[in-house]
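Enquirer: based on what follows, work out the 3D shape:
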Amino acid sequence: MSDLSVSTAGKQAIPDRIPAGPKWTGPRDPAPGSEYFAQPEYTRREIATHAAGALINAGVCAAVAVELVRGRGRRPVTRVLPATAGLLVGGYVADLMSGVLHWAFDTWFDEDMPGVRRMVLIVREHHIYPQRIFNYGLAQDVGILSWFSLAGVAPTLLAARRAGGTPGAGVYFAMATGLSFSVLLTLSLEFHKIGHRSETGKVVATLQDAGILLSNKHHMRHHSREHDSHYCLVNGVADRTLGRAGLFRLLERAVNASSGVLPRINDRLWRRRFGRWVSES
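Expert: Model (predicted):
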């Protein structure tokens, strides 16, 4: 059976071919075929899950920040170096994790998988009409990501509390790493939107030029051809290091070897339906 055969997402049949509008149509402009990416309203359970993740993560981050600033029993100089190193390491790991999550949804999942259908449809739409990413607000972006972020910062708060009176340099490093990781990963989809703006304010443009924030020039390389590179969404530093070294291709070979599943099957199917470019390999 051809991968262009009619399939079903929810109750709506999806045809083999869908007339598409211009790829870079604006977020509020008519986008032919966008109805196939329509999602149901959030359930109360989903809203509660998003809100709980955001609130718990924010609370833990605030507690870690207090621990870092308070610095019980240690001179400022003995906290500054490990905390600064931790902020940098946490930023890198957040950039890398944003790329791994982005890669996973681009590469492996499909809209018929329970639990990830909503996110898969958003991601598939994004490769057809990239600017429609601006139709999704901050509350929707940070909800689920907060749970991933919490997994990185919560253990550092526990470590600080176990250390008791005078935490060592290693604990300060861990707390700063966890805090940086959590904040940046939680906001990574907002940085993603910044990477879709061709024009930004002077401050943002300066941060982009310095490689601190994701730039339009860097991220647009993801939206070319097979969408199989430049996944990282905080600033792209992990793309220029581990990504360039072949991390994502290595992960794909590992998943393929263990499961027999080929990468990007579902993404290629959606791009073919809309007449977007798909490689023949």
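Enquirer: please count neighbours and contacts with C-alpha atoms only from this point.
Expert: Will do.
Enquirer: tell me where the model's unsure across the stretch 1-150 of the chain.
Expert: Where the stretch 1-150 of the chain drops to pLDDT under 70, the residues are 1-12, 71-77.
Enquirer: what about the helices in this protein?
Expert: 44-70, 76-107, 117-128, 138-163, 169-186, 188-194, 202-209, 216-219, 237-238, 247-259, 265-273 (DSSP state H).
Enquirer: let me know the angle separating the longest one from helix 265-273.
Expert: Translated: helix 76-107. In terms of direction (axes from the mean of the first three to the mean of the last three CA atoms, to 10 degrees), helix 76-107 departs from helix 265-273 by 60 degrees.
Enquirer: can you tell me which of the helices of the chain is most buried?
Expert: helix 169-186 (a mean of 26; mean count of other CA atoms under 10 Å).
Enquirer: spatially central residue in this protein, please.
Expert: Nearest residue to the geometric centre of the chain (CA atoms, centre = their mean): Ser98, 3.9 Å.
Enquirer: picking up where we left off before, the helices of the chain: which one's closest to Ala13?
Expert: Nearest to Ala13 among those is helix 265-273 (12.7 Å), distances taken as CA to CA.
Enquirer: other SSEs contacting that closest one?
Expert: helix 76-107, helix 117-128 (3 or more CA pairs under 8 Å, 6 or more residues apart in numbering; DSSP states H and E).
Enquirer: cutoff 7 Å now
Expert: helix 117-128 (3 or more CA pairs under 7 Å, 6 or more residues apart in numbering; DSSP states H and E).
Enquirer: mind checking which of the helices of the chain is nearest Ser34?
Expert: Judging those by CA to CA, what sits closest to Ser34 is helix 117-128, at 7.4 Å.
Enquirer: for Ile18, find the nearest of the helices of the chain.
Expert: Nearest of the helices of the chain (CA to CA): helix 265-273, 5.5 Å.
Enquirer: that older thread, I figured the residue nearest to the centre of the chain was touching His230, is that so?
Expert: No. At 10.9 Å, Ser98 does not count as touching His230 under the criterion of CA atoms under 7 Å.
Enquirer: tell me, how many residues neighbour the closest residue to His127 other than its chain neighbours?
Expert: Nearest non-adjacent residue to His127, counting by CA to CA, 6 or more residues apart in numbering: His223, 7.1 Å away. Counted with other CA atoms under 10 Å, residues neighbouring His223 total 17.
Enquirer: report pLDDT for His223.
Expert: The per-residue pLDDT reported for His223 equals 97.
Enquirer: distance of it relative to Val255?
Expert: For His223, the distance to Val255 (CA to CA, to the nearest Å) stands at 23 Å.
Enquirer: repeat that for Ala85.
Expert: Distance from Ala85 to Val255, by CA to CA: 33 Å.
Enquirer: and Leu187, how many neighbours?
Expert: There are 20 residues near Leu187, going by other CA under 10 Å.
Enquirer: which residue is the nearest non-sequential neighbour of Trp270?
Expert: Arg124 (6.8 Å).
Enquirer: CSV please, covering the helices of the chain and showing distance to Trp24.
Expert: Formatted as CSV, those follow (distance: least, CA to CA, whole Å):
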stretch, distance to Trp24
helix 44-70, 30
helix 76-107, 19
helix 117-128, 9
helix 138-163, 21
helix 169-186, 26
helix 188-194, 14
helix 202-209, 21
helix 216-219, 14
helix 237-238, 26
helix 247-259, 26
helix 265-273, 14
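Enquirer: for Asp16, which of the ones you listed is the nearest?
Expert: helix 265-273 (5.5 Å).
Enquirer: relative orientation of the closest one and helix 117-128 in degrees?
Expert: If you take the same axes, to 10 degrees, helix 265-273 sits at 50 degrees to helix 117-128.
Enquirer: run through who's touching helix 265-273.
Expert: 3-4, 16-18, 106, 110, 124, 128, 277-278 (CA atoms under 7 Å, 6 or more residues apart in numbering).
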